[in-house]
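Colleague: here is a sequence with its predicted model. Questions after.
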Amino acid sequence: MSVAFKGKMPYEIANSQNAGVGCKEGGAARPAFFLSENMDRKKMRDALKKRKKKHNRFFRSHAGLTHRRRVKDNWRKERGADNKKRKKEKHRGAEVNIGWRNARELRGIHPSGYVEVMVFNAEGLDSIKEGEAARISAKVGNKKRIEIVNKAKEKGIRILGFSKKREEEMKKKMEERKKKTEPEKEKGKEAKEKKEEKEGEKEEKEEKKEEKSSGEEK
């Protein structure tokens, strides 16, 4: 390793070598961490499962109590002078600590063992490599989403957070919208045709008036 990379983490080295990591290009955005090509996905999955079993969920000290229903269970650091959790008493449960951090090779990786790549359109799938899986952005609409799914099926790319049920629901919604919009479109076409007919009649009347006026002058 060169002096420039001494003491750096693998994802930091990757970022310094490759400017495209962690940025949005060609309809896809990659996370800013490094994944070695020699890594076995099955071993990663097993390691992630073991780590998940060991890992506790972190609750606030007063979450779930009947007389404190407004207190949510999502983690917030305890700051009370007499707070038992801040004093690290065992019966109050686990507290957020750097010791719970995952192994360096597993950080930022999806539980399935794939590296997530955010996709914004069908073109973004062209840049996905082996060991990567696509996640469709929440900003993408149903029409583009279906295009991305169809292209991913053709290329054999896995899409995270997207099931067959959701795909069927989206298709149903698209069909329902078409059914609702079709009569409206037909009405719009009829209205346009009527307008065009009226405009044509007006033009004909104006032409006839002009002909009469020119004949009288002669």
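Modeller: The structure has been received and is ready for your questions. Computed from a prediction, not measured in an experiment: that's the story for all the values here. Residues are numbered from 1 along each chain as shown.
Colleague: how far away is the closest residue in space to Ala63 that isn't next to it in sequence from Gly188?
Modeller: Using CB to CB, 6 or more residues apart in numbering and skipping residues adjacent in sequence, the residue nearest Ala63 is Asp73, 4.0 Å away. Any C-beta I mention is one placed from the backbone N, CA and C, and that applies to glycine too. Counting by CB to CB, to the nearest Å, the gap from Asp73 to Gly188 is 51 Å.
Colleague: and Ser112, by the same measure?
Modeller: Taken as CB to CB, the span from Ser112 to Gly188 is 47 Å.
Colleague: do Arg107 as well
Modeller: Between Arg107 and Gly188 the distance, using CB to CB, works out to 54 Å.
Colleague: neighbour count: these two, which is higher?
Modeller: Arg107 (15 against 11; other CB atoms under 10 Å).
Colleague: buried residues in the host helix or strand of Glu154?
Modeller: Using DSSP states H and E, Glu154 falls within helix 142-155. Residues of helix 142-155 classed as buried: Lys144, Arg145, Ile146, Ile148, Val149, Lys151, Ala152 (neighbour count, 16 or more other CB atoms under 10 Å).
Colleague: out of those, who's nearest Ile128?
Modeller: Taking CB to CB as the measure, Ile128 lies nearest Ala152 of the buried residues of helix 142-155, at 8.7 Å.
Colleague: that closest one against Ile146, yeah?
Modeller: No: in this structure, Ala152 is not within contact of Ile146 by CB atoms under 8 Å, at 10.7 Å.
Colleague: for Ile159, the count of nearby residues, please.
Modeller: Ile159 has 18 neighbours, counted by other CB under 10 Å.
Colleague: the one 5 residues further on too?
Modeller: By other CB under 10 Å, the residues close to Lys164 number 8.
Colleague: need the contact list for it.
Modeller: Contacts here follow CB atoms under 8 Å, 6 or more residues apart in numbering; on that basis Lys164 touches nothing.
Colleague: before we move on, what about the one 5 residues further on?
Modeller: Neighbouring residues of Glu169 by CB under 8 Å, 6+ apart: there are none.
Colleague: part of a helix, is it?
Modeller: Yes: the assignment for Glu169 is a helix, going by DSSP: H, G, I helix; E, B strand; the rest coil.
Colleague: quick one, grab the pLDDT at it.
Modeller: If you check Glu169, the pLDDT there is 84.
Colleague: pLDDT weak spots in the protein?
Modeller: The model of the chain has pLDDT under 70 over residues 1-28, 30-39, 52-55, 215-218.
Colleague: specify the residue ranges that define each domain of it.
Modeller: Per the record, the chain has its domains at 3-58+96-162, 167-218, by automatic domain parsing.
Colleague: so what's the residue minimising distance to the centre of the chain up against?
Modeller: Against the mean C-alpha coordinate of the chain, by CA atoms, centre = their mean, the closest residue is Ser137 at 2.2 Å. Going by CB under 8 Å, 6+ apart, Ser137 touches Met118, Val119, Phe120.
Colleague: selecting buried members of those in PyMOL, what would you type?
Modeller: Here is the PyMOL command that selects the buried residues among the contacts of Ser137 (16+ other CB under 10 Å):
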select buried, resi 118+119+120
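Colleague: among the contacts of Ser137, which are in helices?
Modeller: Among these, DSSP state H puts none in helices.
Colleague: got CSV for the contacts of Ser137, with distance to Lys178 too?
Modeller: Below are those laid out as CSV (distance: CB to CB, whole Å):
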residue, distance to Lys178
Met118, 29
Val119, 25
Phe120, 25
